[in-house]
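test case, fold it:
(chains A and B)
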Amino acid sequence: MELSLNSQVVVAKDVVSCDLQGETAILNMKDGVYYGLDEVGTSIWKLIQEPRRVSEILRIILEEYDVERDVLMEDLMELLHQLMDNELVKIE
Amino acid sequence: MYNYHAFGLNISSDIELPGLMEALDKDVAEVKIKLDKINLPLIDTCSDTNYFVDGRDVYLWWEGIGSVQISSGSKITVDLEDSDVNRIIPFLLGPVMAFILHQKGFLVLHGSAVKIHGGVVAFLGYRGFGKSTIAINLYTKGYPLVADDLLAIKFDEEGKAIVYPGYPHTRLSGDSYNNIKDKIRALTSIRTISGKNFYDASCGFSPEPQKLERIYTLVKDDQVGIFSLNSQDSIMDLIRHSVAQRIFLGNDQAEHLTQCAMLINKVSIKGLKVDHSFINLPKLIDFIEEDIRKDYERNHWYIS
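Below you'll find the model as predicted:
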């Protein structure tokens, strides 16, 4: 499924994560591989514990961080694609 | 029957295990080591692994030495076949005990530790990186040994990381021993087949669980020194230096990650550059003492 502003994304099953002083460590239990997220990535990760539209994530992060909309849009899409490629996130 | 106390557990054993603390209370043994026959499960003999996990049972075997069945965190069955009992002792004290501790819910790391300013300071690293050498050199300066090779950690009700002291002895290579032999004495009754021998380090040893305050992870470098680690690097180091990491699967692996993250949120972790020269060892030991003294005096020691 193509990722767009209207897509609803959520953390996949069999994925566990923990807080690391404001950052996040993630484990994909299907293949036993570990991943890490920085502070901004962690904010996004927290949002998608429940199914959420990409447009909504964009709006919330824009309120939280001083960043250009286009820059954030590009970074957000890249992160979500990476998370999807590694089966950590799925489109509902 | 022999009765010992290690990692906060009373251990009864058919096999004499030299260099362990004797149990004060011989009535309750939380771990029993028995000599018996084991039926090893049939597995692919072409693979080069020497372990097999079957539910709450872990099987380990070593060619020409014997095999072990570890059950439900409480029973260790040892099948020596016709081998010399002394050859299996290092394995019982190392990997076998690590699996039992893991089954009992401990976070078990490859590390040695001493007690400094009332808190436990641990050194994590791969085999041969010098964990025991650093620990024994601190020991000879008056800091009691807490653990050698196996660091067993549990979290108390407040989430504090507590170390359960292991054995009051240390394993050293010949070189490391020669560097310090005037100050320690060999436990001649146990020798390992991996080229390391056991040495007594029981002075000031206490079996009481103690709070973990600092972890240094060892990296090889061409100089010695201390550097800071971010939390992502720290968690990867903890995972790398976890014992029996290769057998963690599914929920076990998730639980393990949670424990490692708890540790990072509770204990300060730093990197320690080691260069493997005994010439620089006194400098390295000074750096460690100084680093800890500074944090202790600045009150950065206790992370509540």
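
please count neighbours and contacts with C-alpha atoms only from this point.
OK.

after the host helix or strand of B:Leu151, heading C-terminal, what element do we hit next?
B:Leu151 is located in strand B:150-155, with elements delineated by DSSP states H and E. Tracing the chain C-terminally past strand B:150-155 and defining elements by DSSP H and E, one meets strand B:161-164 next.

and that next one, which strands flank it?
Using DSSP bridges, strand B:161-164 pairs in its sheet with strand B:150-155 (antiparallel), strand B:210-220 (antiparallel).

can you show me the strands along the stretch 201-304 of chain B?
Secondary structure of the stretch 201-304 of chain B (DSSP state E, counting those that start in this stretch): strands at B:210-220, B:225-228, B:268-274.

measure B:Leu9 to B:Cys260 for me?
Between B:Leu9 and B:Cys260 the distance is 23 Å, computed by C-alpha to C-alpha, to the nearest Å.

and chain A, which of its residues are near chain B?
By C-alpha under 8 Å from any C-alpha of the partner chain, the part of chain A that sits against chain B consists of A:16-21, A:23, A:25, A:27, A:29-30, A:32, A:36.

could you pick out the longest helix of chain A?
Among the segments of chain A that qualify as a helix by DSSP state H, the longest is helix A:69-85.

picking up where we left off before, who's more crowded, B:Leu9 and B:Cys260?
Here B:Leu9 and B:Cys260 are compared on neighbour count by other C-alpha atoms under 10 Å in any protein chain shown; more neighbours surround B:Cys260, at 24 against 18.

what about that one, distance to chain A?
Per C-alpha to the nearest C-alpha, to the nearest Å, B:Cys260 is found 9 Å from chain A.

quick check, pLDDT for that residue.
With respect to pLDDT, B:Cys260 has a value of 95.

got it, and B:Thr188?
At B:Thr188, the predicted lDDT confidence score is 56.

could you do B:Asn179 as well?
Per-residue confidence for B:Asn179 comes out at a pLDDT of 85.

apart from its neighbours in sequence, what residue is nearest it?
B:Phe278 (7.4 Å; C-alpha to C-alpha, 6 or more residues apart in numbering or on different chains).

how much space between the one you found and chain A?
Separation of B:Phe278 from chain A (C-alpha to the nearest C-alpha) stands at 36 Å.

dump the strands paired with strand B:161-164 to TSV, plus mean pLDDT and mean neighbour count.
Listed next are those as TSV, based on pLDDT from 0 to 100; neighbours: other C-alpha atoms under 10 Å in any protein chain shown:
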stretch	mean pLDDT	mean neighbour count
strand B:150-155	97	24
strand B:210-220	96	22
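
quick one, what contacts whichever residue of chain A sits closest to chain B?
Closest approach between chain A and chain B, counting by C-alpha to the nearest C-alpha: A:Met29, at 5.5 Å. A:Met29 is in contact with A:Asp14, A:Val15, A:Val16, B:Leu249, B:Gly250, B:Asn251, B:Gln253, B:Ala254, counting by C-alpha atoms under 8 Å, 6 or more residues apart in numbering or on different chains.

out of these, who has the most neighbours?
Neighbours were tallied for each of those (criterion: other C-alpha under 10 Å), and the maximum of 22 neighbours falls on B:Ala254.

ok so, going back, would you turn the strands of the stretch 201-304 of chain B into JSON lines with distance to B:Asp295?
Written out in JSON lines, the entries for these read as follows (distance: least, C-alpha to C-alpha, whole Å):
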{"stretch": "strand B:210-220", "distance to B:Asp295": "10"}
{"stretch": "strand B:225-228", "distance to B:Asp295": "13"}
{"stretch": "strand B:268-274", "distance to B:Asp295": "10"}
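
just tell me which of those ends up closest to B:Lys283.
strand B:225-228 (8.8 Å; C-alpha to C-alpha).

coming back round to it: what is the longest helix of chain A packed up against?
Under the contact criterion of 3 or more C-alpha pairs under 8 Å, 6 or more residues apart in numbering or on different chains; DSSP states H and E, helix A:69-85 touches helix A:54-64, strand A:89-91.

mind doing that once more with 10 Å?
In this structure, helix A:69-85 packs against strand A:8-11, helix A:39-47, helix A:54-64, strand A:89-91, with contacts taken as 3 or more C-alpha pairs under 10 Å, 6 or more residues apart in numbering or on different chains; DSSP states H and E.

circling back to that earlier point, what pLDDT does the residue nearest to B:Asn179 get?
At B:Phe278 the predicted local confidence, pLDDT, stands at 86.

ok, B:Tyr296 next?
The per-residue pLDDT of B:Tyr296 was computed as 85.

how near is it to B:Glu157?
With the distance defined as C-alpha to C-alpha, B:Tyr296 ends up 24 Å from B:Glu157.

tally of neighbours for B:Gly166?
Burial measure for B:Gly166: 29 neighbouring residues, criterion other C-alpha under 10 Å.

that should have said B:Ile33, apologies.
A count of neighbours around B:Ile33, defined by other C-alpha under 10 Å, yields 22.

B:Ile38 now?
Other residues close to B:Ile38 by other C-alpha under 10 Å number 16.

likewise for the one 4 residues further on?
Counted with other C-alpha under 10 Å, the neighbours of B:Leu42 add up to 7.

what residues are up against it?
With C-alpha atoms under 10 Å, 6 or more residues apart in numbering or on different chains as the criterion, the residues that contact B:Leu42 are B:Phe52.
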